[in-house]
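Trainee: 3D model of this:
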Amino acid sequence: MNIRLVGITLCLYLGSAMMLYGQARLTNGYFMYNISVDSDEPAAAMLSAMGSTVEIAFKEKKTKVVAKIAGATNTVHFVADHAIVKGLSLLDVLGEKKAIRHGSTDYEEVERSIQQLAANPMRATDQTKTIAGYTCQKILMKDKQSGANIILYVTDRLQPQDPLVRQLNKAIKGFPLEVVVRKDNTTVRATATKILETTPSNGAFALSIPSGYEVTTIRDLERSAEQKIQQR
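Mentor: Now for the predicted structure:
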């Protein structure tokens, strides 16, 4: 398992997860997470030491995710405006800058992913933990597709207006402030460190593509990644 891809995948996974869970008293604001990786792979220690973070911003039906991987040497920006069903991903990863536009087809695919995630075996426990000032309940989950064991610490006090958030909130009944994913000999943990009740400006959710980014598709990006892995 390539540890760089693990880190990037987790950030994207977490970014998607933020679109799938909810928030009950705080509808607009910023959420900051730290990511750590524990693995038998030598590169894991370097990745963890350099530090990786994820910041999520919510404003009404707009969502933005910024993932900074390995000390911000790689970054992923994702913006979604559900009022017009449009989104944009900007990836500055491994020296390449790519832009991906999202529309209704991607929205429907996320909805299907929510249904698959909600269908995973999960069990709520009596254990709680305080994270970023919120009391969270521990939930155990098994991902049927990958076989990964997942631990979620969720709170029911957070619920953005993102419609995808509401959809999965009915199944999960909480917003994840800590996510632990264990697969093979790798454990990836994302933990909330700070929650700000500041309402983001509309400018934070711009859908324009900056200069220097090459427009591509998710499928083309997947093919390129597969080719690079095979070459190694």
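Trainee: quick one, helices of the protein?
Mentor: 3-18, 42-50, 104-118, 163-172, 218-231 (DSSP state H).
Trainee: who is the residue lying closest to Thr125 once chain neighbours are set aside paired with across the strands?
Mentor: Leaving aside its sequence neighbours, Thr125 sits nearest to Lys138 (C-beta to C-beta, 6 or more residues apart in numbering; 4.6 Å). The way it works is simple: take the backbone N, C-alpha and C, and place the C-beta from them, glycine included. Judged by DSSP bridges, the bridge partners of Lys138 are Tyr153.
Trainee: looks like Lys138 contacts Thr128 (just checking).
Mentor: Yes: with contact defined as C-beta atoms under 8 Å, Lys138 and Thr128 form a contacting pair (6.9 Å).
Trainee: comparing those two, which residue is more hemmed in?
Mentor: More crowded of Lys138 and Thr128, by other C-beta atoms under 10 Å: Lys138, with 17 against 12.
Trainee: quick one: low-confidence ranges for this structure?
Mentor: Within the chain, the segments meeting pLDDT under 70 span 1-25, 41-50, 71-72, 228-232.
Trainee: mind running it again at 50?
Mentor: 1-10, 12-24 (pLDDT under 50).
Trainee: what's around Ser52, how many residues?
Mentor: Neighbour count of Ser52, defined by other C-beta under 10 Å: 25.
Trainee: just checking, it touches Ile69?
Mentor: Yes: contact criterion C-beta under 8 Å: Ser52 and Ile69 qualify, at 4.7 Å.
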